[in-house]
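Asks: I'd like to go over a predicted model; first the sequence, then the structure.
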Amino acid sequence: MKILSVEQIRQLDQYTIQHEPIAPINLMERAAQTFVDWFTARFTTSYPVKLFCGLGNNGGDGLAIARILMQQGYTIEVNIVRYAPRESDDFMHNHRRLKLLTTLNYIEQPNNIPAIRHNEIVIDAIFGSGLDRPVDGIAKSVIETINRAPAKVVSVDIASGLYPDKPNGPDDVIIEPDYTVTFQLPKIGFLLPRNSRYVGQWHIIDIKLSKRFIDQTPTPYFYTTPEEARLLLRQRERFSHKGTFGHALLLVGSYGKIGAGVLAARACLRSGVGLLTVQAPRCGYAVLQTAVPEAMCRPDTHQYVLSGQSEIEGIPYEEFTAIGVGPGIGKAPETANMLRTLLSQYRNPLVIDADALNLLAENRDLMSLIPEHSILTPHPKEFERLTQKWENDYDKLEILCDFARRYRIVVVLKGAHTAIATPEGDIHFNSSGNPGLSTGGTGDVLTGILTALLAQGYDSVEAAVLGVYQHGLAGDLVGRQRGQIGMTATDVLDALRWS
Ligand SMILES: NC(=O)C1=CN([C@@H]2O[C@H](COP(=O)(O)OP(=O)(O)OC[C@H]3O[C@@H](n4cnc5c(N)ncnc54)[C@H](OP(=O)(O)O)[C@@H]3O)[C@@H](O)[C@H]2O)[C@@H](O)CC1
Ligand SMILES: Nc1ncnc2c1ncn2[C@@H]1O[C@H](COP(=O)(O)OP(=O)(O)O)[C@@H](O)[C@H]1O
Ligand SMILES: [K+]
């Protein structure tokens, strides 16, 4: 699914109005009705509703929502925040209609702000995507009151005070909703860590804006939907054999961190690889052969760390369809040498994770040796070591995009809504996953998954988008079955489902 900028969404509204065609006021009515459908499916008429609206089209939506909810039997008190002397046309139209049905409360100064009780639902329609400067005056006081109140808060389109696609200032006053119900497409601001309090659970509702315009509009930002992930998944052919699905090599583990290798190896096998070889330090040999009997194991000549040498022979890197390196490897000089040789000799895309990334950060000259379309999977700290500190989440996205473009690689910046940057400069945000995944070893599982997908012939962007989605989905399955808190990386790899 595409993510558009505020300006593009405004054009999308205009295009829909002209080409459907539909009058703006009817589009507002459709948006309001769709919001009400969402609302009534969750909250019964037993909850009193307090609606706060501004004077623009977000406020107009709010007034239309109030009218429809009233007609459906909800008890609703409407508060209009008079922060300016002018209203939008569609606001005024809905204002006239609603005034015929009920009394409206106007808030011009703080003592007009009503008390909000704990069993009430607040609908926030003060500002929407038209906000372009920090909120102050009476609107600010109202937002502060709502944030202090014990009630549940539902924001229409976007929390009032939050910018959809640019950073807010540190002192900005913004609604902290329980839910955001947004029109048609997600806003980029919903996907960024520092905005989490200002988004809550968010839901997209389809108000039937022009599909054609969305299809034609270019954007670097995408949000992976379940349907899109499913379309990437290839089914197995009847006459396939294990050679069809590639031979992967994982370079993993060091003394005390062989478990990282076990997790990556098991995840790789659970993700459809044809054959798997694991090279690990000698101390990991017995562990790996026991814990992952399906994998072939090459003991490194070094007892405790990876050196890339083996009694059998040096590693014939070029014989492997895909290689994953990093989980648990540490940063010993022998391992740094191995990484240098690997990057110099192997020409296909690699998956590079964990301490392999830290070694890159410490040996910058290695960066230019990385094969094009390799997948790097840093968490934010590893990414900062590879690049630089950022001022805010938007700045971080720019650094991410530039980095992927400069080295022609895919960068999987992990976290909630993992951001996958492509060599072309696009960013795909993931939609699956939950905080249960914030536990040691889940990153190693991801490395195994991505290596398996590359081995099976998925291109790097497909592998990253699909692999990250399936990893999060497995976490969601575990979350549903046994809760998020006790989730382990082993649970996640066992829950992988490729159908
Ligand atoms: N277009 C469509 O067809 C559809 C749109 N829809 C809805 O419209 C919403 C966008 O509406 P909107 O553009 O009227 O802006 P909105 O967020 O209500 O703000 C109102 C005005 O406030 C002003 N202002 C800005 N910052 C300010 C500040 N800090 N303090 C004080 N004032 C400030 C600024 O006006 P200015 O003062 O700059 O002239 C701004 O224009 C969107 O979120 C969705 O809910 C849906 O109905 C679907 C169809
Ligand atoms: N709050 C969260 N929501 C969704 N996914 C998360 C969250 N926290 C962590 N994850 C996922 O868990 C994984 C953690 O990886 P990483 O930090 O490398 O852990 P480790 O090094 O312990 O294996 C990543 O895939 C990340 O996207
Ligand atoms: K709002």
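Replies: Perfect, I can see it now. Ligands and ions are numbered 1, 2, ... in the order given.
Asks: Ligand 3 contacts on the stretch 151-300 of the chain?
Replies: Counting by C-beta under 5 Å from the ion, the stretch 151-300 of the chain comes close to ligand 3 at 155-156, 160. In this view, the C-beta of every residue, glycine as well, is placed from N, C-alpha and C.
Asks: and ligand 1, which of these contact it?
Replies: Val156 (C-beta under 6 Å from any ligand atom).
Asks: now, which of the residues of the stretch 151-300 of the chain next to ligand 3 sits nearest ligand 1?
Replies: Nearest to ligand 1, judged by C-beta to the nearest ligand atom, of these is Val156 at 5.7 Å.
Asks: Could you pull up the residues touching that closest one?
Replies: 35, 58, 61-62, 65, 123-125, 128, 181 (C-beta atoms under 8 Å, 6 or more residues apart in numbering).
Asks: Now Ile205. Its backbone dihedrals?
Replies: phi -120, psi 140 (degrees, to the nearest 10).
Asks: max-length helix in the chain?
Replies: Ranked by number of residues, the top helix in the chain under DSSP state H is helix 460-482.
Asks: Buried residues in it, which are they?
Replies: Using 16 or more other C-beta atoms under 10 Å as the test for burial, helix 460-482 gives 460-479.
Asks: just stretch 154-174 next, same as before
Replies: Of the residues in stretch 154-174, those buried (16+ other C-beta under 10 Å) are 154-165, 167-168, 172-174.
Asks: so who does the residue nearest the centre of the chain touch?
Replies: Residue closest to the mean C-alpha point of the chain, counted by C-alpha atoms, centre = their mean, is His417 at 1.7 Å. Contact analysis of His417 by C-beta under 8 Å, 6+ apart lists 191-192, 429-431, 433.
Asks: Could you rerun that using 7 Å?
Replies: By C-beta atoms under 7 Å, 6 or more residues apart in numbering, the contact set of His417 is 191, 429-430.
Asks: and if you look at Arg30?
Replies: Arg30 neighbours (C-beta under 7 Å, 6+ apart): 207-208.
Asks: Taking the stretch 151-300 of the chain, what residue is nearest to ligand 2?
Replies: Among the residues of the stretch 151-300 of the chain, Ala260 lies nearest to ligand 2; the distance is 7.2 Å by C-beta to the nearest ligand atom.
Asks: pLDDT on the longest helix of the chain, on average?
Replies: For helix 460-482, the mean per-residue pLDDT is 98.
Asks: If we ignore the residues flanking it in sequence, what's nearest Gly274?
Replies: Phe245 (3.3 Å; C-beta to C-beta, 6 or more residues apart in numbering).
Asks: ok, now Phe383?
Replies: In space, Phe383 is closest to Leu413, 5.5 Å off (C-beta to C-beta, 6+ apart).
Asks: The one you found contacts Lys381, correct?
Replies: No - the criterion here is C-beta atoms under 7 Å, and Leu413 misses it with Lys381 at 10.9 Å.
Asks: Look at these two and report which has more neighbours.
Replies: Leu413 (24 against 10; other C-beta atoms under 10 Å).
Asks: Return the set of residues that bridge with the more buried one.
Replies: Taking DSSP bridges as the rule, Leu413 bridges to Ala419.
Asks: Helices of the stretch 1-150 of the chain, residue ranges please.
Replies: Applying DSSP state H, counting those that start in this stretch to the stretch 1-150 of the chain gives helices spanning 6-19, 24-40, 57-71, 89-99, 137-148.
Asks: closest one to ligand 3 among these?
Replies: Comparing those by their distance to ligand 3 (C-beta to the ion), the top pick is helix 57-71, with 5.0 Å.
Asks: Any chance of JSON lines for the contacts of His417, columns neighbour count?
Replies: Listed next are the contacts of His417 as JSON lines, based on neighbours: other C-beta atoms under 10 Å:
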{"residue": "Leu191", "neighbour count": "24"}
{"residue": "Phe429", "neighbour count": "24"}
{"residue": "Asn430", "neighbour count": "25"}
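Asks: Tell me, what's the model's pLDDT at Ala295?
Replies: 98.
Asks: ok, now which ones touch it?
Replies: 265, 269, 276-278, 288 are the contacts of Ala295 under C-beta under 7 Å, 6+ apart.
Asks: Just these: which are in strands?
Replies: Using DSSP state E, the subset of those located in strands is 276-278.
Asks: In contact with Pro24: list those residues for me.
Replies: So Pro24 contacts 17, 90 (C-beta under 7 Å, 6+ apart).
Asks: one step back: turn the residues of the stretch 151-300 of the chain next to ligand 3 into TSV, columns for secondary structure, pLDDT and distance to Tyr15.
Replies: Listed next are these as TSV, based on DSSP: H, G, I helix; E, B strand; the rest coil; pLDDT from 0 to 100; distance: C-beta to C-beta, whole Å:
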residue	secondary structure	pLDDT	distance to Tyr15
Ser155	strand	98	25
Val156	strand	98	22
Ser160	coil	98	26
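Asks: Return the set of buried residues in stretch 407-424.
Replies: Neighbour-count burial for stretch 407-424, counted by 16+ other C-beta under 10 Å, picks out 407, 409-414, 416-423.
Asks: State the mean pLDDT of that stretch.
Replies: Mean predicted lDDT for stretch 407-424 stands at 98.
Asks: what do you get for stretch 367-383?
Replies: Rounded mean pLDDT across stretch 367-383 is 98.
Asks: Just the C-alpha atoms of that stretch, please, in PDB.
Replies: Below are the C-alpha coordinates for stretch 367-383, written out as PDB (Å, rounded to 0.1, in the frame of the first residue of the first chain):
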ATOM      1  CA  MET A 367      31.700  -1.100   3.000                       C
ATOM      2  CA  SER A 368      32.700  -0.700  -0.600                       C
ATOM      3  CA  LEU A 369      33.300  -4.500  -0.900                       C
ATOM      4  CA  ILE A 370      29.800  -5.400   0.000                       C
ATOM      5  CA  PRO A 371      28.100  -7.100  -3.000                       C
ATOM      6  CA  GLU A 372      25.300  -5.100  -4.500                       C
ATOM      7  CA  HIS A 373      21.800  -6.000  -3.300                       C
ATOM      8  CA  SER A 374      23.100  -7.500  -0.100                       C
ATOM      9  CA  ILE A 375      20.700  -7.200   2.900                       C
ATOM     10  CA  LEU A 376      22.000  -5.500   6.000                       C
ATOM     11  CA  THR A 377      19.800  -6.000   9.100                       C
ATOM     12  CA  PRO A 378      20.800  -3.400  11.800                       C
ATOM     13  CA  HIS A 379      18.700  -2.500  14.800                       C
ATOM     14  CA  PRO A 380      18.800   1.200  15.500                       C
ATOM     15  CA  LYS A 381      22.000   1.200  17.600                       C
ATOM     16  CA  GLU A 382      23.900  -0.900  14.900                       C
ATOM     17  CA  PHE A 383      22.500   1.500  12.300                       C
END
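Asks: circling back to that earlier point, of the buried residues of stretch 407-424, just say which sits nearest to Pro48.
Replies: Ala416 (33.2 Å; C-beta to C-beta).
Asks: contacting residues around the closest one?
Replies: 193, 433.
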